[in-house]
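Engineer: Sequence and predicted structure, then a few things I'm wondering about:
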Amino acid sequence: MFKKSLSRQWICSRCIQQQRQVRRRLGTISAIRHEPRPVPIDNAAPGAKHDDRTLRSIFDSPGFWNEFSYSARQGHKGRSLGLFQNRYLTEPQGFKEFANVSMEKAKRIVERIRKASSVEEYKRVVRDMDRLGDLLCRVVDISDFVRVTHPDPRIQTAATEAYGMMFEFMNILNTTTDLNSQLTVAMQMPEVIASWSQEEACVAETLRTDFVKSAIDLPRAERERFVTLSQEISEAGPTFVDNMAPERAKVSFPSSRLKGMDPVLVRQLTKWGQTSIPTLGSPATLALRTVQDEDVRKDIYMAIRTSSRQTIERLEDLLTKRVELAKLSKYESYAHLALGDKMAKTPESVDRFLQALSAENKKSVELEMSELVKAKTSDSNALTSTLQAWDRGYYTTQILSSFPSRTRKSDFLSSYFSLGTVMQGLSRLFTHLYGIRFVPHETMPGETWNSDVRRLDVVSETDGHVAVLYCDLFSRHGKSPNPAHFTLRCSREITQIELEEAKSSNNTLFASPEESANDGMAFSASSGVLKQLPTIALICDFATSPDKRPSLLSFNEVQTLFHEMGHAIHSILGRTSFQTVSGTRCATDFAELPSVLMEHFAADPTVLALFARHYQTDEPLPHGLVAERLILNKRFEGADAEDQILLSMVDQAYHSSLPLQASFNTTQIFLDIQREHGVLPPDPPGTSWQGFFGHLFGYGSSYYSYLFDRVLAKRIWRVVFKSGHASASIDRGNGERMKESVLKWGGSRDPWKCLAEVLQDSRVEGGDEKAMGLVGSWGLKEREGER
């Protein structure tokens with residue numbers, strides 16, 4: 001089946017977790033042992049030092065960037081070379097031309113697949129289908145990105161129209177039985193299977209599984225109902241997410257009852273002595289953390305945890321449609337349908353993982369719970385000594401704020417993290433681990449959607465130019481604040497047949513057949529095989545300074561950038577011959593592993609020593625400050641983990657067969673799971689927080705994935721990179737182990753085999769329920785002796 005690449009956004013469980021976590025102040029912990037700062041070895045390639053200096057300057061100095069790109073922008077007489085150097089995309093109408101040209105190529109391939117009859121022709125079926133998918137994604141992925149990113153309304157509209165054209169064509173192909181039939185024939189021919197590479201066979205299985213999940217084998221009437229239901233779900237999901245609302249829009253109190261809350265904020269919300277706090281937004285969250293009056297906190301908590309009746313109805317309608325779709329496809333539940341191609345495979349395996357993780361996490365939560373109870377018991381303003389749900393944020397804040405702090409100034413740590421130095425650090429880290437580095441590249445006229453966007457070429461010590469990275473990292477008006485990774489074009493091998501087709505087309509837009517076969521976008525044959533290069537966009541929203549200082553990142557923003565770069569490195573190193581399994585196009589519950597792993601590197605002293613220096617004095621970062629920050633960030637990590645475990649359990653229950661029951665009640669299920677599996681105080685009756693659980697649409701039945709990949713990343717960090725000890729975090733041998741076992745495969749290998757190989761642990765190779773339980777037992781908390 002054919003589908004677009006997915007952007008990897010900083011969502012999963014983190015956004016909800018961050019909404020609930022206390023804003024943690026940096027503090028001093030006197031018991032911290034400060035280890036000597038390791039001295040990294042300089043393994044720079046020839047020319048790398050110049051590129052390294054330039055890399056910092058293009059991000060830290062706008063004037064340098066303007067000068068760096070000036071000659072390129074003036075070249076070609078100012079004539080646009082097209083977005084991403086795609087020669088069709090020089091003006092709005094080019095999107096339609098790009099879609100039409102791609103669609104005509106796709107139709108010819110469909111016809112060739114339909115006519116296949118000989119063994120030799122069937123040998124090509126998988127490669128043809130992969131190219132067919134690539135032609136669709138070339139238009140859909142770029143158009144989808146441009147329509148939500150480009151500031152020009154005309155280009156947004158043109159991109160939206162091209163997206164619609166190609167998406168409609170994609171839906172037609174996904175219900176075309178001929179393609180599935182021909183793929184089935186090919187997969188039943190021993191001579192054909194014997195000719196396929198491992199990667200080719202994996203693509204065949206992936207395509208066949210997707211066809212089955214799309215109900216391609218159903219009788220016509222049932223298949224039509226499947227298509228109708230799918231369309232209804234695609235509309236019901238965004239309707240639910242976009243219209244999530246509380247039962248009460250605001251709560252009001254006499255201002256005198258808000259003692260402890262920021263008085264400036266209280267004054268802003270007060271009229272005639274009555275303070276009105278919006279139910280949704282930061283003021284309500286801040287009030288829960290700071291207001292001394294327990295009854296006020298209870299009222300606020302009830303309001304922000306109770307969604308409207310209409311919101312619950314929309315959610316339950318979505319869940320009911322999903323289980324109907326699954327039953328139509330002969331699956332027991334939507335979770336069984338959705339998990340078949342994931343590492344977990346079944347809901348039973350997910351439950352095994354969550355139960356094991358919950359058991360491993362329980363002791364940590366109990367210890368944290370006892371601290372909170374102790375804090376409330378010693379509070380003279382407390383009404384009772386029993387800890388309630390609305391007390392958690394307040395006493396967590398009290399405990400954390402009791403630590404003395406020498407880093408109260410918000411810019412104290414950020415002074416060591418200019419954006420340019422962090423990008424330097426990433427490049428240096430990847431050079432150490434994987435032998436690749438970032439090389440700044442001038443942007444040509446029309447190549448980017450904003451002058452702030454920097455282009456980096458990714459260069460390998462062995463394979464030359466391997467990827468293009470567009471970095472749109474600075475904040476500006478109207479830009480989405482959500483960090484994200486977008487794959488604009490996947491890696492794929494270009495065949496001789498395609499070059500011959502390009503040559504015969506005589507398209508005057510292009511200077512060569514190679515350029516024509518890639519629409520003008522980046523390609524390389526330095527490895528001996530002509531490939532279209534992964535083209536990636538990273539989006540962040542880092543504030544710029546009006547006083548010409550470089551953009552200075554908070555430590556959380558450094559972790560965010562490392563996280564998003566983890567997705568990018570997966571796309572960069574997962575340069576497969578088939579786009580269907582390229583880079584991040586792997587199992588959903590495996591896709592977050594490289595990015596979560598990168599968060600460990602962001603906090604490692606050896607890695608920080610590569611780049612973290614004061615932007616003015618060049619003084620190296622005292623790592624003890626980061627260590628203190630990490631200790632406070634992890635102070636209540638057991639409770640945070642329990643939140644996510646319970647939400648994952650809720651997700652599984654909602655996507656079971658329960659929605660088919662007449663008594664199905666999402667509120668009761670939510671409250672029951674909290675009471676049965678939680679240690680923390682559960683929500684009181686009358687609340688219905690599940691109406692704010694927007695990820696139920698985007699991550700239906702796979703919300704556990706982020707927890708799962710956090711556990712895997714922690715295990716790899718400890719086993720492969722030795723928790724950073726003895727400079728293991730920048731050791732080339734360890735990097736090669738990660739690359740050869742995991743990253744280079746994209747989605748072309750069973751991820752359980754990747755995991756077993758990188759960990760050298762055969763217990764997980766089978767990927768069964770037992771393996772899922774074992775992973776859960778590894779837990780999230782760092783044990784003694786780990787860094």
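Structural biologist: The structure has been received and is ready for your questions. What you see is a predicted model, and the numbers here were worked out from it, not measured in a lab.

Engineer: hey, let's count contacts and neighbours off CA atoms from now on
Structural biologist: Noted.

Engineer: which stretches of the stretch 401-550 of the chain have low pLDDT?
Structural biologist: Per-residue confidence for the stretch 401-550 of the chain (pLDDT under 70) gives these ranges: 404-411.

Engineer: all helices in it, in order from the N-terminus.
Structural biologist: 419-434, 496-505, 513-517 (DSSP state H, counting those that start in this stretch).

Engineer: mind checking how far the last one is from the chain centre?
Structural biologist: What that stands for is helix 513-517. Its chain's C-alpha centre and that of helix 513-517 lie 32 Å apart, by Cα atoms, centre = their mean, to the nearest Å.

Engineer: what does stretch 269-276 rub up against?
Structural biologist: For stretch 269-276, contacts defined as Cα atoms under 8 Å, 6 or more residues apart in numbering pick out 250-255, 266-267, 277.

Engineer: all strands of the stretch 151-300 of the chain, in order?
Structural biologist: 250-254, 270-271, 274-278 (DSSP state E, counting those that start in this stretch).

Engineer: Which stretch among the ones you listed approaches D457 most closely?
Structural biologist: strand 274-278 (46.4 Å; Cα to Cα).

Engineer: Could you list the paired strands of that closest one along with their orientation?
Structural biologist: strand 250-254 (antiparallel), strand 270-271 (antiparallel) (DSSP bridges).

Engineer: Out of the helices and strands in the protein, which is least certain?
Structural biologist: helix 14-20 (a mean of 34; mean pLDDT, DSSP states H and E).

Engineer: follow-up on the earlier one: please indicate which of the contacts of stretch 269-276 are buried?
Structural biologist: 250-251, 255, 266, 277 (16 or more other Cα atoms under 10 Å).

Engineer: what's the neighbour count on G340?
Structural biologist: 15 (other Cα atoms under 10 Å).

Engineer: what does S516 give?
Structural biologist: 23.

Engineer: again with V125
Structural biologist: If you count neighbours by other Cα under 10 Å, V125 ends up with 25.

Engineer: got it, and R635?
Structural biologist: For R635, using other Cα under 10 Å, the count is 16.

Engineer: what's the answer for A375, then?
Structural biologist: 18.

Engineer: Check the gap between the closest residue in space to it that isn't next to it in sequence and E91 for me.
Structural biologist: Spatial nearest neighbour of A375, excluding adjacent residues (Cα to Cα, 6 or more residues apart in numbering): Y395 at 6.4 Å. Distance of Y395 to E91, given as Cα to Cα, to the nearest Å: 57 Å.

Engineer: need the contacts of stretch 269-276 in CSV with pLDDT, can you?
Structural biologist: Output for the contacts of stretch 269-276, formatted as CSV (pLDDT from 0 to 100):
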residue, pLDDT
K250, 96
V251, 97
S252, 97
F253, 97
P254, 97
S255, 95
V266, 96
R267, 96
I277, 97
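
Engineer: any chance of those residues in JSON lines, with distance to T495 too?
Structural biologist: Formatted as JSON lines, those follow (distance: Cα to Cα, whole Å):
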{"residue": "K250", "distance to T495": "61"}
{"residue": "V251", "distance to T495": "64"}
{"residue": "S252", "distance to T495": "67"}
{"residue": "F253", "distance to T495": "70"}
{"residue": "P254", "distance to T495": "73"}
{"residue": "S255", "distance to T495": "72"}
{"residue": "V266", "distance to T495": "66"}
{"residue": "R267", "distance to T495": "68"}
{"residue": "I277", "distance to T495": "62"}
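
Engineer: what about this structure, any weak spots by pLDDT?
Structural biologist: For the chain, the ranges with pLDDT under 70 are 1-47, 71-77, 404-411, 783-787.

Engineer: what helices or strands is the longest helix along it leaning on?
Structural biologist: When the chain is parsed with DSSP state H, its longest helix is helix 347-377. In terms of contacts (3 or more Cα pairs under 8 Å, 6 or more residues apart in numbering; DSSP states H and E), helix 347-377 is packed against helix 334-339, helix 392-401, helix 637-654, helix 769-778.

Engineer: switch the cut-off to 7 Å
Structural biologist: helix 392-401, helix 637-654, helix 769-778 (3 or more Cα pairs under 7 Å, 6 or more residues apart in numbering; DSSP states H and E).

Engineer: So which of these is the most surrounded?
Structural biologist: Most buried of these by mean neighbour count (mean count of other Cα atoms under 10 Å) is helix 637-654; its value is a mean of 22.

Engineer: which helices and strands sit right next to the following helix or strand past that helix?
Structural biologist: Following helix 637-654 in sequence order, the next helix or strand is helix 666-677 (DSSP states H and E). Packing partners of helix 666-677 (3+ Cα pairs under 7 Å, 6+ apart): helix 637-654.

Engineer: which helices and strands does the helix it packs on pack with?
Structural biologist: Helix 637-654 packs on helix 347-377, helix 666-677, going by 3+ Cα pairs under 7 Å, 6+ apart.

Engineer: Ok, which of those comes nearest S595?
Structural biologist: So among the helices and strands packed on helix 637-654, helix 347-377 is nearest, using Cα to Cα, at 20.8 Å.

Engineer: Pull out the buried positions in the closest one.
Structural biologist: 347-358, 360-362, 364-365, 368-369, 371-373, 375-377.

Engineer: ok, back up a step: nearest to A159, of the helices and strands packed on helix 347-377?
Structural biologist: Nearest of the helices and strands packed on helix 347-377 to A159, taken as Cα to Cα: helix 637-654 at 34.1 Å.

Engineer: now the angle from the closest one to helix 347-377?
Structural biologist: 140 degrees (axes from the mean of the first three to the mean of the last three Cα atoms, to 10 degrees).

Engineer: contacting residues around helix 637-654?
Structural biologist: Outside of helix 637-654, the residues within contact range by Cα atoms under 7 Å, 6 or more residues apart in numbering are 13, 17, 319, 335, 354, 358, 361, 364-365, 670, 673-674, 678, 696, 700-701, 703-704.

Engineer: For PyMOL, what selects the buried ones among those residues?
Structural biologist: Under the burial definition 16+ other Cα under 10 Å, those of these that qualify are selected in PyMOL by:
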select buried, resi 13+319+335+354+358+361+364+365+670+673+674+678+696+700+701+703+704
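
Engineer: quick revisit: pipe the strands of the stretch 151-300 of the chain into JSON lines and attach distance to Q292 per row.
Structural biologist: Below are the strands of the stretch 151-300 of the chain laid out as JSON lines (distance: least, Cα to Cα, whole Å):
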{"stretch": "strand 250-254", "distance to Q292": "13"}
{"stretch": "strand 270-271", "distance to Q292": "18"}
{"stretch": "strand 274-278", "distance to Q292": "15"}
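
Engineer: one step back: contacting residues for the residue nearest to A375?
Structural biologist: The contact partners of Y395, by Cα under 7 Å, 6+ apart, come to 372, 375-376.

Engineer: gap between the residue of the chain most remote from its centre and D295?
Structural biologist: For the chain, the largest distance from the centre (Cα atoms, centre = their mean) belongs to W272, which lies 45.9 Å off. To D295, W272 is 22 Å away according to Cα to Cα.

Engineer: try T386
Structural biologist: Taking Cα to Cα, one finds T386 at 14 Å from D295.

Engineer: what does R737 give?
Structural biologist: 56 Å.

Engineer: These two - which one has more neighbours?
Structural biologist: Taking neighbours as other Cα under 10 Å, R737 and D295 compare with R737 leading, 18 against 14.

Engineer: was I right about that one contacting L759?
Structural biologist: No - applying Cα atoms under 7 Å as the test, R737 and L759 come out as separate, 9.4 Å apart.

Engineer: and the strand ranked longest in the chain, what other elements does it pack with?
Structural biologist: Longest strand of the chain, by residue count under DSSP state E: strand 464-474. Using 3+ Cα pairs under 7 Å, 6+ apart as the contact test, the elements touching strand 464-474 are strand 454-460, strand 535-542.

Engineer: what about the longest one, distance to the chain center?
Structural biologist: Pointing back at strand 535-542 there. Using Cα atoms, centre = their mean, the offset of strand 535-542 from its chain centre is 12 Å.
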